[in-house]
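Q: Just to be clear, the model below is a prediction. Sequence and coordinates:
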Amino acid sequence: MPLKDALRRALDEDDAEEMRDKARKERDELAERLAALEAKTTPDQDELDALQAELEKQNAEVVRLQTELDKHAAPVVEPPVVEPPVVEPKTRPGRKSGSAYDWDVDDDGRVHKLDVARVYSGEDEADEVDLPADEPAAE
């Protein structure tokens, strides 16, 4: 039996050697694949510089196109601010006794234009007298 045992040990050692070689080969292949994967996922500095330059070129193009668009866009025109007219109470100058006027005032306070000036003989009025709401100011 010693021969049989020796052969069996030799075969076992041979199988073990094959398994070690196979394991080493798989380990080396795995290391190569890992190195290749790292090389693919980690670009070198030249690639990074090229990508950065391309990005800057594209950003410059976007800025140029936006500037062109702004030149041709219709300007934003803001509507003018319209201030409401100042509404002053409608008044007429007051009459002074002894002065001539080419207008007269009726009993309702309305002013009427006269063809010929007339001398006012009533009491002096205030410097300005309010007109009725529907009466335009006298000139």
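A: Alright, I've got the coordinates.

Q: from here on, contacts and neighbour counts on C-alpha atoms
A: OK.

Q: Quick check: next helix or strand after the helix or strand containing residue 46?
A: Per DSSP states H and E: residue 46 is located in helix 45-72. Per DSSP H and E, the first helix or strand lying C-terminal to helix 45-72 is strand 91-93.

Q: I'd like the next helix or strand past that next one.
A: strand 100-105.

Q: tell me what that following strand is packed against?
A: Contact partners of strand 100-105 among helices and strands, from 3 or more C-alpha pairs under 8 Å, 6 or more residues apart in numbering; DSSP states H and E: strand 111-119.

Q: Identify, by residue count, the longest helix of the chain.
A: Determined from DSSP state H, the single longest helix within the chain is helix 2-41.

Q: What is the distance between it and the centre of its chain?
A: 67 Å (C-alpha atoms, centre = their mean, to the nearest Å).

Q: Could you report the pLDDT at the residue nearest the centre of the chain?
A: For the chain, the residue nearest the mean C-alpha position is residue 76 (12.5 Å; C-alpha atoms, centre = their mean). The model reports residue 76 with a pLDDT of 70.

Q: Can you tell me how far residue 63 is from residue 98?
A: 81 Å (C-alpha to C-alpha, to the nearest Å).

Q: same check, this time on residue 84
A: 40 Å.

Q: Comparing those two, which residue is more hemmed in?
A: Shown here are residue 84 and residue 98; by other C-alpha atoms under 10 Å, residue 98 has more neighbours (13 against 6).

Q: about what we covered before: elements contacting the helix holding residue 46?
A: Helices and strands in packing contact with helix 45-72 are not found; criterion 3+ C-alpha pairs under 8 Å, 6+ apart.

Q: so where's the chain shaky on pLDDT?
A: Applying pLDDT under 70 to the chain picks out residues 1, 41-43, 73-74, 88-89, 134-139.

Q: Which segments of it make up each domain?
A: 2-72, 91-130 (automatic domain parsing).

Q: Let's have the ones you listed in CSV, adding distance to residue 80.
A: As requested, these are exported to CSV (distance: least, C-alpha to C-alpha, whole Å):
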stretch, distance to residue 80
domain 2-72, 23
domain 91-130, 31
